[in-house]
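1. would you be able to build a 3D model of this:
(4 chains)
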There are 2 protein chains.
Amino acid sequence: MPEQRNAYHHGDLAATCVRAAMELLEEDGHSSLSLRAVARRAGVSPTAPYRHFANHDALVSAVATVGYRELAADLAAAHPTPSTPDELASAAVAYVQFALRRPALFRVMFGEPCDTDDAERVAATAAISDYVGAIVGRTFPGSDPEALATAVWGLVHGLAVLHLDGKLDATDPAAVAPRVRAAVHALLAAELP
Amino acid sequence: MPEQRNAYHHGDLAATCVRAAMELLEEDGHSSLSLRAVARRAGVSPTAPYRHFANHDALVSAVATVGYRELAADLAAAHPTPSTPDELASAAVAYVQFALRRPALFRVMFGEPCDTDDAERVAATAAISDYVGAIVGRTFPGSDPEALATAVWGLVHGLAVLHLDGKLDATDPAAVAPRVRAAVHALLAAELP
DNA sequence: CTGGGATGTAAGCAGCGTCAACATGAGGGG
DNA sequence: CCCCTCATGTTGACGCTGCTTACATCCCAG
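-> Residues are numbered from 1 along each chain as shown, chains lettered A, B, ... in the order given. Okay, the predicted model is just below:
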């Protein structure tokens, strides 16, 4: 990978743009992610990114794809193969904390309809879906796997979004993990009358 | 309510702006909700709304508040006081279908941090939270009410968001309700090993 | 060595949020 | 009844944005 080919041709502007976009998300939040700001940070002219991204949405989609991979890595780090409710709860905590640690990125990942034309993006989301499905298959071998996987992903994702949007209080980060854990266990243990 | 006071002073521009904003959301989607477009639709100059809304976010917050009220009305219409898992599932279906029927409004309601300075908005979200809490208290009298209410809201909200973002297929509206119903029941009936 | 295609630049358009200065007229105090 | 005040609406402007078109550069294949 050429460090800097010359003054005119950049060398690897596409990857540089994605990296610059992720930095902007961390620093200035989701609303300030503009193609022009990315170009400035990459040190190129305002329209140079258009050679690599058809439009603003395409750049966002590329950033989201990276985000899915990093989320999947966080989940695998929390527990590679959860197979008990407790381990499932650990993965849920990791999911929610990813959202709270990188809120702007999370919004980019889930804040708009999935671009079904971007094969890489679709594959990256499918990986997360498969991870959840595998958990459910191991933890609850007797049940309808598809319905339960849908429910579990919904539960975990919902908890993340509600915290992120302030519908559930996330001002004290230390209180979030126990709440997520309790919510997961409470729902799994709900006694029908 | 004065239909049209005169050519210069509008009469009730604040309410007209909110109504225009809701119409724009339905017609053109969430990204085209600009103060200037609202002003055009209201038939006033581009900066007139600033007499009633401090900035773009304030307008959005007002629209979201109306959205919360309408969502609460939809839930109450689905079932005023659910007290069984089946009735809970009906409310869940209503929640998800609200999101799918009015996606742009739903994104405005949940796509950004809650403006905690807007008392009306906070009250409107609290009403939904209370509705869920009351369901849980009736349906599962023996359990930790706070944890379970958190979990149920998270589950339902997560199912709505995942459908909205295309992570769960919502192209066939008729398939959504059974899936939501099945997911809710599957999670409530999950057998621990 | 030379020409073509990939990559980056320059200039410009329309739309956006926002501010400051100005115009209008509705409603109350004299 | 009239006039003054102030809330409300307008005008014009600034810098930002996404995006297009036309042009410049330079790597690489033949």
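
2. now do the contacts for A:Val60.
-> A:21, A:33, A:108, A:112 (C-beta atoms under 8 Å, 6 or more residues apart in numbering or on different chains). For glycine as for every other residue, the C-beta is placed from the backbone atoms N, C-alpha and C.

3. touching, the first one and A:Leu59? I think so.
-> Yes. Look at A:Ala21 against A:Leu59 with C-beta atoms under 8 Å: they come within range, at 6.2 Å.

4. what touches both of the two?
-> Joint contacts of A:Ala21 and A:Leu59 (C-beta under 8 Å, 6+ apart) are A:Val38.

5. go through stretch A:144-154 and flag the buried ones.
-> Buried residues in stretch A:144-154, defined by neighbour count with 16 or more other C-beta atoms under 10 Å in any protein chain shown: A:144, A:147-154.

6. and if you look at stretch A:92-111?
-> Here stretch A:92-111 shows A:92-99, A:102-111 as buried, counting by 16+ other C-beta under 10 Å.

7. is that stretch in proximity to chain B?
-> Yes. With C-beta under 8 Å from any C-beta of the partner chain as the criterion, chain B is reached by stretch A:92-111 at A:107, A:110-111.

8. could you say which helix or strand holds whichever residue of chain A sits closest to chain B?
-> Scanning chain A for proximity to chain B using C-beta to the nearest C-beta identifies A:Gly158 as nearest, at 2.7 Å. A:Gly158 is part of helix A:145-164 when elements are defined by DSSP states H and E.

9. which elements pack onto that helix?
-> With contacts taken as 3 or more C-beta pairs under 8 Å, 6 or more residues apart in numbering or on different chains; DSSP states H and E, helix A:145-164 sits against helix A:85-101, helix A:103-110, helix A:119-139, helix A:173-188, helix B:145-164, helix B:173-188.

10. do that again at 6 Å, thanks
-> helix A:85-101, helix A:119-139, helix B:145-164, helix B:173-188 (3 or more C-beta pairs under 6 Å, 6 or more residues apart in numbering or on different chains; DSSP states H and E).

11. host element of the closest residue to A:Val66 other than its chain neighbours?
-> Distances taken as C-beta to C-beta, 6 or more residues apart in numbering or on different chains put A:Val18 closest to A:Val66, at 6.3 Å, once the chain neighbours are dropped. In this assignment (DSSP H and E), A:Val18 forms part of helix A:13-28.

12. now that helix: buried residues?
-> Applying 16+ other C-beta under 10 Å to helix A:13-28 flags A:13, A:16-22, A:24-25 as buried.

13. okay, now the residue of chain A closest to chain B: neighbour count?
-> Neighbour count for A:Gly158, taken as other C-beta atoms under 10 Å in any protein chain shown: 27.

14. which residue is the nearest non-sequential neighbour of it?
-> Take A:Gly158 and drop its neighbours on the chain: the residue closest to it by C-beta to C-beta, 6+ apart is B:Gly158, 2.7 Å away.

15. give the contact list for the one you found.
-> Taking C-beta atoms under 6 Å, 6 or more residues apart in numbering or on different chains, we find B:Gly158 in contact with A:154-155, A:157-158.

16. returning to what we had before: and the helix holding A:Gly158, how far from the chain's centre?
-> Centroid separation for helix A:145-164 versus its chain: 13 Å, with C-alpha atoms, centre = their mean, to the nearest Å.

17. now that helix and helix A:119-139, what's the angle there?
-> 110 degrees (axes from the mean of the first three to the mean of the last three C-alpha atoms, to 10 degrees).

18. how about the contacts made by A:Pro49?
-> Counted by C-beta under 6 Å, 6+ apart, A:Pro49 has contacts A:17, A:35, A:38-39.

19. need the winner for burial among the helices and strands packed on helix A:145-164.
-> helix B:145-164 (a mean of 25; mean count of other C-beta atoms under 10 Å in any protein chain shown).

20. now the contacts of B:Gly158 as TSV including pLDDT and distance to DNA strand D?
-> Below are the contacts of B:Gly158 laid out as TSV (pLDDT from 0 to 100; distance: C-beta to the nearest atom of the strand, whole Å):
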residue	pLDDT	distance to DNA strand D
A:Gly154	97	31
A:Leu155	98	34
A:His157	98	27
A:Gly158	98	30
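
21. right, and the pair among these with maximum separation?
-> With distances taken as C-beta to C-beta, the most widely separated pair in those is A:Leu155 and A:His157, at 7.4 Å.

22. CA-only coordinates of the lengthiest helix in chain A in PDB, if you can.
-> For chain A, the longest helix by residue count, based on DSSP state H, is helix A:56-78. Presented in PDB, the C-alpha positions along helix A:56-78 are these (Å, rounded to 0.1, in the frame of the first residue of the first chain):
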ATOM      1  CA  HIS A  56     -23.800  10.600  -0.100                       C
ATOM      2  CA  ASP A  57     -25.800   7.500   0.600                       C
ATOM      3  CA  ALA A  58     -23.200   5.200  -0.900                       C
ATOM      4  CA  LEU A  59     -20.600   6.600   1.500                       C
ATOM      5  CA  VAL A  60     -22.900   6.100   4.400                       C
ATOM      6  CA  SER A  61     -23.600   2.600   3.300                       C
ATOM      7  CA  ALA A  62     -19.900   1.800   3.200                       C
ATOM      8  CA  VAL A  63     -19.400   3.200   6.700                       C
ATOM      9  CA  ALA A  64     -22.400   1.200   7.900                       C
ATOM     10  CA  THR A  65     -20.800  -2.000   6.500                       C
ATOM     11  CA  VAL A  66     -17.700  -1.400   8.500                       C
ATOM     12  CA  GLY A  67     -19.900  -0.700  11.500                       C
ATOM     13  CA  TYR A  68     -21.700  -4.100  11.200                       C
ATOM     14  CA  ARG A  69     -18.300  -5.900  11.100                       C
ATOM     15  CA  GLU A  70     -17.200  -4.100  14.200                       C
ATOM     16  CA  LEU A  71     -20.400  -4.900  16.000                       C
ATOM     17  CA  ALA A  72     -20.100  -8.500  15.100                       C
ATOM     18  CA  ALA A  73     -16.500  -8.500  16.400                       C
ATOM     19  CA  ASP A  74     -17.800  -6.900  19.700                       C
ATOM     20  CA  LEU A  75     -20.400  -9.600  20.100                       C
ATOM     21  CA  ALA A  76     -17.900 -12.400  19.400                       C
ATOM     22  CA  ALA A  77     -15.600 -10.900  21.900                       C
ATOM     23  CA  ALA A  78     -18.400 -10.800  24.500                       C
END
